[in-house]
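> Give me the fold of what follows.
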Amino acid sequence: MNKKAKNSPLVNKNQALEEVPTEYISKNELTITEARKLLPENLKHLEISPREFKFLAVYCSNNFDAVDAVEKAGYVERTQAKYRAIAYSLLQRKEIVEAIRIYIDTVIQPYKDRLELELLNIYYRRATYNISTFVDENNNFLPVKKIDKEWRCCIDNIKMTKYGFDYELPNRDLALQALYKFVTGQDINDSPILPEDAQKKMKTIYNTIIKINNTVKPKNIRKIKKIEE
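Numbers count the residues shown, from 1 in each chain. Coordinates of the predicted model:
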């Protein structure tokens, strides 16, 4: 740890938050107020310093990228290797591990089924779309707002030409491979199954899963009520 980090009052766990001078918070460093908004309330019983709390907030809300979380929590080092060392050290702490477990149980687990169905829905549509979904009677691409929302996940890129919209759509063969791996955990290229048979199999599995989970609507995932504290 370098001199600036050692002199930072945030290194001291017992330092009151109100006493922390603003010069120690860079434009890339998360504030403690922002951190609290990203984590559930049921972590208060854990002995976690303000800086560790910031680390947890970024780590849990940003794809569990430990090195990035260390930097945005305000730890000051000169090399990525040292940032990784700090990240590794933090992730060994019992209190940090417990906080991550609580975060997963409180924030992620209640959404797990809906998230998996949302992903299945996207993979399936990208592997089975019909071009007619995206074009009008003159075979010109429709404006995005006129395309069914559930099929917009198939639009990888949009370009404007002198003739109108031009959409880049998925390669269905590659999308089928991705769908097959998501559902079975296996690489379709390592399987003797033919592409047309794989597509039929995926359709059967997809329809069965949607039927079983007919009360869980993937497209409504963002409308789910917030977890009660």
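
> which one in the chain is furthest away from the centre?
Ranking residues of the chain by C-alpha distance from their mean position (Cα atoms, centre = their mean) puts residue 138 at the top, at 38.5 Å.

> show me the contacts for that one.
Under the criterion of Cβ atoms under 8 Å, 6 or more residues apart in numbering, residue 138 has no neighbours. For the C-beta atoms, the positions are set from N, CA and C on the backbone; glycine is no exception.

> I'd guess it is in a helix, am I close?
No - counting by DSSP: H, G, I helix; E, B strand; the rest coil, one finds residue 138 to be coil, located in no helix.

> thought residue 62 was touching residue 68?
Yes - in this structure, residue 62 is within contact of residue 68 by Cβ atoms under 8 Å, at 6.2 Å.

> the more surrounded of these two?
Taking other Cβ atoms under 10 Å, residue 62 and residue 68 do not tie; residue 68 has more neighbours (16 against 13).

> name the helices or strands packed onto whichever strand or helix holds the more buried one?
Per DSSP states H and E, residue 68 falls inside helix 66-72. With contacts taken as 3 or more Cβ pairs under 8 Å, 6 or more residues apart in numbering; DSSP states H and E, helix 66-72 sits against helix 50-61, helix 80-92.

> residue ranges for the helices of the protein, please.
3-7, 32-38, 50-61, 66-72, 80-92, 94-103, 112-128, 172-184, 195-212 (DSSP state H).

> re the thing from before, may I have the phi/psi pair for the residue farthest from the centre of the chain?
The phi/psi pair for residue 138 (degrees, to the nearest 10) reads phi -100, psi 10.

> Adjust the sequence numbering to begin at 267 for everything that follows.
OK, 267 is where the count begins now, so the last one is residue 404.

> quick one, phi psi at residue 310?
Dihedral angles for residue 310 - degrees, to the nearest 10 - are phi -60, psi -30.

> List the contacts of it.
Counting by Cβ under 8 Å, 6+ apart, residue 310 has no contacts.

> What of residue 356?
Listed by Cβ under 8 Å, 6+ apart, the contact set of residue 356 reads 318, 321, 332, 336, 362.

> right, and out of these, which lies closest to residue 354?
Nearest to residue 354 among those: residue 332, at 7.6 Å, using Cβ to Cβ.

> For burial, what's the neighbour tally of the closest one?
Residue 332: 17 neighbours (other Cβ under 10 Å).
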